[in-house]
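[1] sequence-free structure coming up:
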């Protein structure tokens with residue numbers, strides 16, 4: 001990531017080419033301070049500033065409220081991850097504060113792929129959001145009306161097909177009868193007749209058909225539904241067209257109720273609806289004295305005579321009575337709606353919390369005729385609130401007693417609590433930590449990693465676990481493990497984040513010392529192995545020199561064989577020195593070293609090697625394997641021709657193969673060479689087989705078994721390919 005003042009600069013001309021005439025605000029930011037290096041005219045107009053005043057200044061300096069409101073985290077996330085981000089419907093601290101903006105931020109990269117800046121595009125969605133809110137509110141109102149209205153309602157499309165029904169309407173006459181009222185029901189069990197129930201209704205005369213076809217508003221017409229079994233039901237129907245902006249009929253509304261003479265009025269239905277969801281429903285005179293209290297006796301045990309007037313106050317908790325009397329007197333005097341919470345004594349003597357709400361009923365002149373009120377049970381909610389407060393109190397007590405740094409943030413990651421241990425260690429209070437101020441206590445080398453991990457946790461809602469160095473009030477940095485987890489509500493939305501910072505300085509120091517000790521041990525082991533290899537090569541050279549001075553053929557051959565064996569061990573140690581972990585030998589390196597050593601003994605030899613570079617074997621088995629292969633190569637070189645030395649991994653077993661020489665070139669089984677091969681093969685649990693190919697060439701194959709080698713002292717390890725097989 002190029003820092004400010006270093007590295008490639010963004011292509012401002014390329015951005016200007018498309019952004020200059022764009023109707024929506026566009027800016028280009030660069031560097032960790034988000035220096036603004038380009039703003040199009042639309043952005044300057046939106047924030048009410050001249051473009052020259054914006055040039056090359058940090059975003060936090062131009063608009064301090066951006067940092068305080070956490071708006072720069074979107075840009076930080078894009079700059080650190082390179083992934084585009086989007087924030088919807090935000091109020092930004094410039095220009096018209098009531099406007100809503102969608103913000104899109106994307107990384108700008110140079111030709112080498114390095115992020116050079118962040119391009120931010122803003123789109124004004126104020127009008128769209130307001131329209132959406134109005135549409136959602138209208139839809140909610142319509143849903144509520146269709147669910148709760150105590151009359152039959154149906155909404156039809158322009159073709160007369162019914163789209164929505166009220167729950168009460170379907171419960172009253174059924175879906176088939178509702179379709180019959182609209183003129184589009186077939187094979188219904190009802191027949192629609194005129195008001196007297198004698199003549200079948202003409203479809204063209206139906207209220208909804210007339211509203212849709214002629215745009216007529218039909219009000220309170222009497223109709224009769226007659227069943228095939230003779231049952232008749234009288235209805236009062238109304239209909240009206242719904243027009244679009246151009247005045248065309250786009251649909252219609254049909255309503256039906258019982259006729260007035262049934263005696264079931266809207267007031268009675270609404271009262272039943274209220275009583276179904278309340279503990280008590282009551283009415284009071286204009287001066288506040290209670291007239292009736294439905295359900296009050298069952299709730300409190302008071303008789304109607306005891307609760308009349310102001311007697312109902314005796315059922316309230318003594319601590320709540322003065323407040324209730326004062327609030328009720330204020331509402332009666334001012335005509336304001338009443339909303340309050342207090343405790344009521346139930347019939348069994350227990351106190352339960354209740355919410356009381358009342359509204360005045362006025363005459364045509366605006367005067368209060370009476371008050372209508374209801375009490376609902378909120379005891380469970382109150383107890384939940386108390387439990388939540390107790391839980392928060394226990395959390396604060398625990399957080400203050402813990403030896404760790406404990407903190408809490410809101411869903412957006414802004415700190416809203418830190419324990420005293422945090423303040424004592426860092427010297428920063430809660431106000432100084434907000435707006436990204438908490439990064440000031442983080443070591444500069446750890447800030448980017450910590451901020452990026454925190455941004456990912458906020459975006460994904462997952463746990464947060466990072467090691468970082470934090471500065472104390474004396475300026476010293478100590479390693480801490482920073483962990484956080486989201487606390488979610490019942491629907492899974494994040495309510496806040498709770499985190500801890502645990503001092504792990506001693507653990508980090510111990511790990512650093514351990515790494516240093518391991519590195520020192522490996523250096524020592526490599527040095528020792530280097531000296532062993534050099535000593536073995538010196539021994540091999542001395543044996544080779546001695547063999548050159550021995551005249552007897554048998555003795556000279558024995559010395560040359562001993563020289564080859566010592567040289568094979570030295571070559572295995574040379575391959576071990578080339579391994580990355582000093583515990584496993586790359587077989588490709590070992591085969592090349594063996595071939596090079598054999599070429600010293602036999603300058604005219606043609607030895608070829610093949611093995612995957614990633615195929616390794618532990619050193620304890622590789623060195624005996626090198627001795628076996630050296631013996632086999634020596635035998636194969638007794639006959640002219642090339643020698644192929646290879647290794648591969650097949651079904652979890654190493655296959656080491658030598659092709660060269662003939663069966664006649666093999667020494668007698670009683671000689672030392674075959675004895676060495678058999679002994680070492682048993683030691684590393686290797687299976688040895690041989691065969692003569694079609695051209696007479698001998699092939700010898702070693703299969704390394706995963707079982708423990710002979711003697712029980714060398715555990716046989718599985719071969720590894722790319723770190724494991």
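    Alright, I've got the coordinates. The shown structure was predicted, so the numbers you read here are calculated from the model rather than taken from an experiment.
[2] contacts and neighbour counts: CA atoms only from here.
    Fine.
[3] secondary structure class for residue 92?
    Look at residue 92: counting by DSSP: H, G, I helix; E, B strand; the rest coil, its state is coil.
[4] Angles on the backbone of it, please.
    phi -100, psi 140 (degrees, to the nearest 10).
[5] shaky segments in the stretch 251-400 of the chain?
    Filtered on pLDDT under 70, the stretch 251-400 of the chain yields the residue ranges 260-279, 364, 387-400.
[6] Can you identify each of the strands in it by residue range?
    Counting by DSSP state E, counting those that start in this stretch, the stretch 251-400 of the chain has strands at residues 280-285, 290-294, 338-345, 351-362, 368-377.
[7] Let me have those in TSV, extended by mean neighbour count and distance to residue 126.
    Formatted as TSV, the strands of the stretch 251-400 of the chain follow (neighbours: other Cα atoms under 10 Å; distance: least, Cα to Cα, whole Å):
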stretch	mean neighbour count	distance to residue 126
strand 280-285	20	42
strand 290-294	17	47
strand 338-345	18	33
strand 351-362	19	35
strand 368-377	19	38
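[8] can I get the ones you listed in JSON lines with distance to residue 416?
    JSON lines is the format used below for the strands of the stretch 251-400 of the chain (distance: least, Cα to Cα, whole Å):
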{"stretch": "strand 280-285", "distance to residue 416": "41"}
{"stretch": "strand 290-294", "distance to residue 416": "46"}
{"stretch": "strand 338-345", "distance to residue 416": "29"}
{"stretch": "strand 351-362", "distance to residue 416": "31"}
{"stretch": "strand 368-377", "distance to residue 416": "33"}
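[9] Report the residue ranges of every domain in this protein.
    As given by automatic domain parsing, the domain ranges for the chain are 12-124, 143-266, 277-377, 383-503, 513-721.
[10] Could you take those domains and lay them out as a markdown table, with extra columns for distance to residue 136?
    Output for the domains of the chain, formatted as a markdown table (distance: least, Cα to Cα, whole Å):
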| stretch | distance to residue 136 |
| --- | --- |
| domain 12-124 | 16 |
| domain 143-266 | 10 |
| domain 277-377 | 25 |
| domain 383-503 | 21 |
| domain 513-721 | 62 |
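[11] so residue 40 touches residue 18, yeah?
    No. Applying Cα atoms under 8 Å, one finds residue 40 not in contact with residue 18, separated by 9.7 Å.
[12] Counting neighbours, go ahead and name the busier of the two.
    Between residue 40 and residue 18, counting by other Cα atoms under 10 Å, residue 40 is the more crowded of the two (21 against 11).
[13] for the spatially closest residue to that one that is not a sequence neighbour, phi and psi?
    Spatial nearest neighbour of residue 40, excluding adjacent residues (Cα to Cα, 6 or more residues apart in numbering): residue 20 at 5.2 Å. Here is the backbone geometry of residue 20 (degrees, to the nearest 10): phi -60, psi -40.
[14] quick one, helices of the stretch 151-300 of the chain?
    167-173, 175-182, 207-214, 266-276, 296-300 (DSSP state H, counting those that start in this stretch).
[15] and residue 226, which of those helices is closest to it?
    helix 175-182 (9.9 Å; Cα to Cα).
[16] Roughly how far does residue 291 sit from residue 299?
    17 Å (Cα to Cα, to the nearest Å).
[17] Do me a favour and get the backbone dihedrals for residue 23.
    Torsion angles, degrees, to the nearest 10, at residue 23: phi -80, psi -10.
[18] Could you check how far it is from residue 485?
    42 Å.
[19] Kindly report the same for residue 152.
    51 Å.
[20] One more: residue 171?
    49 Å.
[21] same thing with residue 145?
    Applying Cα to Cα to residue 145 and residue 485 gives a distance of 42 Å.
[22] For residue 23 and residue 485, indicate the residue with more neighbours.
    Per other Cα under 10 Å, whichever of residue 23 and residue 485 has more neighbours is residue 485, with 19 against 13.
[23] can you list the helices of the stretch 151-300 of the chain in JSON lines and add mean neighbour count and distance to residue 31?
    Shown next, in JSON lines, are the helices of the stretch 151-300 of the chain (neighbours: other Cα under 10 Å; distance: least, Cα to Cα, whole Å):
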{"stretch": "helix 167-173", "mean neighbour count": "17", "distance to residue 31": "60"}
{"stretch": "helix 175-182", "mean neighbour count": "21", "distance to residue 31": "66"}
{"stretch": "helix 207-214", "mean neighbour count": "22", "distance to residue 31": "64"}
{"stretch": "helix 266-276", "mean neighbour count": "13", "distance to residue 31": "62"}
{"stretch": "helix 296-300", "mean neighbour count": "18", "distance to residue 31": "68"}
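[24] Now distance to residue 510 too, for these, in TSV please.
    Shown next, in TSV, are those (distance: least, Cα to Cα, whole Å):
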stretch	distance to residue 510
helix 167-173	72
helix 175-182	78
helix 207-214	85
helix 266-276	69
helix 296-300	69
